[in-house]
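K.L.:
The sequence and its predicted three-dimensional model are supplied below.
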Amino acid sequence: MKDYDVVALGIAVMDIVAAPVDRNLFEHNKMPVDSVILAPGGDAANQASHLARLGWRTELCCRLGEDALSRMFTAELAACGVDLSHAAVSPESVMTAAVVLVAADGQRSILHRRGNNYDFCREDVDLNIIAGARALTVGSIYGCPRLDEDGLEQILTHAKAHGVTTFADMATDKRGLKLAGLKPLLPHIDWFMPSEAESRYLTDGMGCEEAARVFLDMGARNVVIKLGERGAYACGEGYTGYVDVFEIDAVDTTGSGDAFCAGLIHSLLSGRGAVEALTFACACGAYNALYKGAAAATLNRPAVEDFIRKTKRRPAGGRR
């Protein structure tokens, strides 16, 4: 038996979420908002908290500091059931902080302070923990520059050598590496899950169907391109096509991509087929957007399945 169901590796942040924020913010000296929330965030942390709440034995592998925000982050993730016993802690690092400004339509802009994620490196990762998991999710490629530059390929190779199913999504490509940075990684990734904007950036503007084929040709086993409010496109083993979108009035889209990833991992670990897993993943992303905060929605199977039954759907990608 594996020690963990999932190891989430990568970005850990403390979010300060303010909503709703008028887009003309800087034209005013002071502006009231309905809510200000301080909560854990970051791609790997969001996925880890969702997966732990969904009942999986989940370890978060990241770097933390010894500052107040790091301590708060640790306490909040532990309360969700996430194991952080193998997270690296360094007095030289401070917790990355992000100020998330959410507009009335649920779209957001993010200001962030660099910190622990830029320090996270190969030496912070225990490969035995990776080998002892059923699944590894990297949240996200290009999110931790030192790890991307030297270590992530080794970690993914080690995971695959020990029968671990690998997942990865994307962050902003800070060094402009584009496909060259992905080339050594994709052959070791079972499920590659970029957003549409990231996919277009990587492929110089290709549509999702053509871009997915590029990623598959580079070695990924399955590709899922997240289309946001327009659903998703998947190409790989078991399914090729669009996944219909759930019609909602979004409150906050922060972290919805991470909820999508968590929903897909949950479904596949549960033994579901690709079509059912992708539907559940889209539902998790939409459900998360009904709440303020990156991982504020308490994803659980009954709640998400009830959401699927009751929520109207329409064709993805703008199809009729």
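P.N.:
Received, thanks. As the structure is a prediction and not an experimental result, all values here were calculated from the model.
K.L.:
so where's the stretch 151-300 of the chain uncertain?
P.N.:
294 (pLDDT under 70).
K.L.:
And residue 229, how far from residue 212?
P.N.:
19 Å (C-beta to C-beta, to the nearest Å). C-betas here are computed from N, CA, C, even on glycine.
K.L.:
nope, residue 29 is what I meant
P.N.:
Counting by C-beta to C-beta, the gap from residue 29 to residue 212 is 48 Å.
K.L.:
Those two: which is more packed in?
P.N.:
Using other C-beta atoms under 10 Å as the criterion, residue 29 and residue 212 rank with residue 212 on top: 25 against 5.
K.L.:
and that one, what is it in contact with?
P.N.:
With C-beta atoms under 8 Å, 6 or more residues apart in numbering as the criterion, the residues that contact residue 212 are 199, 223, 225, 233-235.
K.L.:
Show me the strands in the stretch 51-200 of the chain, by range?
P.N.:
Applying DSSP state E, counting those that start in this stretch to the stretch 51-200 of the chain gives strands spanning 58-61, 63-64, 88-89, 96-102, 108-113, 133-141, 165-170, 191-192.
K.L.:
Can you get me a residue count around residue 99?
P.N.:
By other C-beta under 10 Å, the residues close to residue 99 number 14.
K.L.:
In contact with the closest residue to it other than its chain neighbours, which residues?
P.N.:
Among residues not flanking residue 99 along the chain, residue 111 sits closest, at 4.3 Å (C-beta to C-beta, 6 or more residues apart in numbering). Taking C-beta under 8 Å, 6+ apart, we find residue 111 in contact with 98-99, 101.
K.L.:
Shouldn't residue 26 be within a helix?
P.N.:
Yes. Judged by DSSP: H, G, I helix; E, B strand; the rest coil, residue 26 forms part of a helix.
K.L.:
mind checking pLDDT for it?
P.N.:
On the pLDDT scale, residue 26 is placed at 84.
K.L.:
what's the burial count for residue 161?
P.N.:
Residue 161, neighbours per other C-beta under 10 Å, totals 12.
K.L.:
How about the contacts made by the residue nearest to it when sequence neighbours are not counted?
P.N.:
Among residues not flanking residue 161 along the chain, residue 131 sits closest, at 7.9 Å (C-beta to C-beta, 6+ apart). Residue 131 makes contacts with 158-159, 161-162, 164, as judged by C-beta under 8 Å, 6+ apart.
K.L.:
Check residue 131 and give its pLDDT.
P.N.:
Per-residue pLDDT puts residue 131 at 98.
K.L.:
now the residue nearest to residue 99: how far from residue 178?
P.N.:
Between residue 111 and residue 178 the computed distance is 25 Å (C-beta to C-beta).
K.L.:
now swap in residue 279 and tell me
P.N.:
Distance of residue 279 to residue 178, given as C-beta to C-beta: 31 Å.
K.L.:
And these two? Which one has more around it.
P.N.:
Neighbours per residue, other C-beta under 10 Å: of residue 279 and residue 178, the larger number sits with residue 279, 20 against 14.
K.L.:
which SS class is the more buried one?
P.N.:
Residue 279 ends up helix, using three-state DSSP.
K.L.:
Which residue, neighbours along the chain excluded, lies closest to it?
P.N.:
Excluding the flanking residues, the one nearest residue 279 by C-beta to C-beta, 6+ apart is residue 243, at 6.4 Å.
K.L.:
And for the one you found, the neighbour number?
P.N.:
Per other C-beta under 10 Å, the neighbour tally for residue 243 reads 25.
K.L.:
and if you look at residue 285?
P.N.:
Here the number of neighbours of residue 285 (other C-beta under 10 Å) works out to 29.
K.L.:
re earlier: and of the contacts of residue 131, the nearest to residue 55?
P.N.:
Residue 55 has its nearest neighbour among these in residue 164, at 19.2 Å by C-beta to C-beta.
K.L.:
In contact with that closest one, which residues are there?
P.N.:
Counted by C-beta under 8 Å, 6+ apart, residue 164 has contacts 130-131, 133-136.
K.L.:
Adding distance to residue 192, write those residues out as CSV.
P.N.:
Shown next, in CSV, are those (distance: C-beta to C-beta, whole Å):
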residue, distance to residue 192
130, 18
131, 21
133, 18
134, 18
135, 14
136, 13
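K.L.:
where exactly do the helices run in the stretch 1-150 of the chain?
P.N.:
43-53, 68-79, 116-119, 127-131, 145-149 (DSSP state H, counting those that start in this stretch).
K.L.:
What are the buried residues along the fourth one?
P.N.:
By that I understand helix 127-131. Of all the residues in helix 127-131, those buried under the rule 16 or more other C-beta atoms under 10 Å are 129-131.
K.L.:
Which of the residues you listed sits closest to residue 147?
P.N.:
Distance to residue 147 across the buried residues of helix 127-131 (C-beta to C-beta) is lowest for residue 130, with 12.6 Å.
K.L.:
Could you check how far the closest one is from residue 10?
P.N.:
As judged by C-beta to C-beta, residue 130 and residue 10 stand 13 Å apart.
K.L.:
what's the overlap in contacts for these two?
P.N.:
Common neighbours of residue 130 and residue 10, using C-beta under 8 Å, 6+ apart, are residue 61.
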